[in-house]
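Undergrad: Using only what follows, build the 3D model:
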Amino acid sequence: MGWRHVLFANWPVDPAVVEPHLPEALALDTRDGKAWLSVVPFTNIDVRPRRLPSGVGIPLPELNLRTYVTHDGAPGVYFFSLDADGLLAVLGARLFHYLPYYYASIDLRGENGRIRFTNRRRHPGARPVRFDATYGPVGDRYTGEPDTLAAFLTARYRYYTEAPDGTLRYATIDHEPWPLYDAAVEIETNTLFRANGFSTPESDPVHFYSPGVETTASGSKRTK
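TA: Residues are numbered from 1 along each chain as shown. Okay, the predicted model is just below:
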């Protein structure tokens, strides 16, 4: 699959805000004493099994809320929720990857060199989510060098999730380093924090934009 028009909107928060929401097997990953909550809108393109040729996959716009964790020293991300505009994809991700996906109506379109992204969660029985934002790149392109905040927040090649039986699982992600830009961002509506049991952070967010990468993901595996 390919990830396109990716916004990383990142808020530093006190670790005590995030730790109670994590599975016991995961350790919160912090930088300069802060945990981070990140809202990430983007679109998947050409989502398909590896054995199928390119061009036959489906598009899948998505919005997620995540934080940064480690397990036995291996860094990764932990998703609190993922909204996606594809009912079958949502059901498949819940069933086979144990990810907290929710069905949503998402519209993503280009406007004057920027991206307009709107999300309305439609999942039966789930807490409602509304998200409206406009974002785009500013300045010159760069990559997140090692030991920088940009690398800490974007260079993550594993995600962890908890299965219904309480076991911790993970999958690995493979792609080239993110091409990054600083981002100009206007968020008009964002109820994603509240829907996941967080107060909206009072800290100033750090934003990055990426035009995207080509990506492959492993199947879900049980941690040892």
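
Undergrad: Skipping its backbone neighbours, what lies nearest Thr191 in space?
TA: Leaving aside its chain neighbours, Thr191 sits nearest to Arg130 (5.0 Å; criterion: C-beta to C-beta, 6 or more residues apart in numbering). Heads up, the C-betas are built off the backbone N, CA and C, glycines and all.

Undergrad: Apologies, that question was intended for Pro59.
TA: Using C-beta to C-beta, 6+ apart, the closest residue to Pro59 is Ile45 (5.4 Å).

Undergrad: so what strands line up beside the host helix or strand of the one you found?
TA: Here Ile45, judged by DSSP states H and E, is contained in strand 35-47. Strand 35-47 has the following strand partners under DSSP bridges: strand 2-13 (antiparallel), strand 58-71 (antiparallel).

Undergrad: neighbouring contacts of whichever helix or strand comes after the last one?
TA: What that stands for is strand 58-71. The helix or strand immediately downstream of strand 58-71 is strand 74-84, counting by DSSP H and E. The contact list for strand 74-84, computed with C-beta atoms under 8 Å, 6 or more residues apart in numbering, reads 21-23, 26, 29, 60-70, 90, 93, 99-104, 106, 119, 121, 123, 129, 156-161, 170, 192, 195-196.

Undergrad: Return the set of buried residues in the helix or strand bottoming out on mean pLDDT in the chain.
TA: Sorting the helices and strands of the chain by mean pLDDT, DSSP states H and E puts helix 87-97 at the bottom, at a mean of 84. Using 16 or more other C-beta atoms under 10 Å as the test for burial, helix 87-97 gives 89-90, 93, 97.

Undergrad: next structured bit after it?
TA: For helix 87-97, the following helix or strand on the C-terminal side (DSSP H and E) is strand 101-111.

Undergrad: and the next element down the chain from that next one?
TA: Sequence-wise, the next helix or strand downstream of strand 101-111 (DSSP H and E) is strand 114-121.

Undergrad: Excluding residues flanking it in the chain, which one is nearest Asn64?
TA: Counting by C-beta to C-beta, 6+ apart, the residue nearest Asn64 is Leu82, at 4.3 Å.
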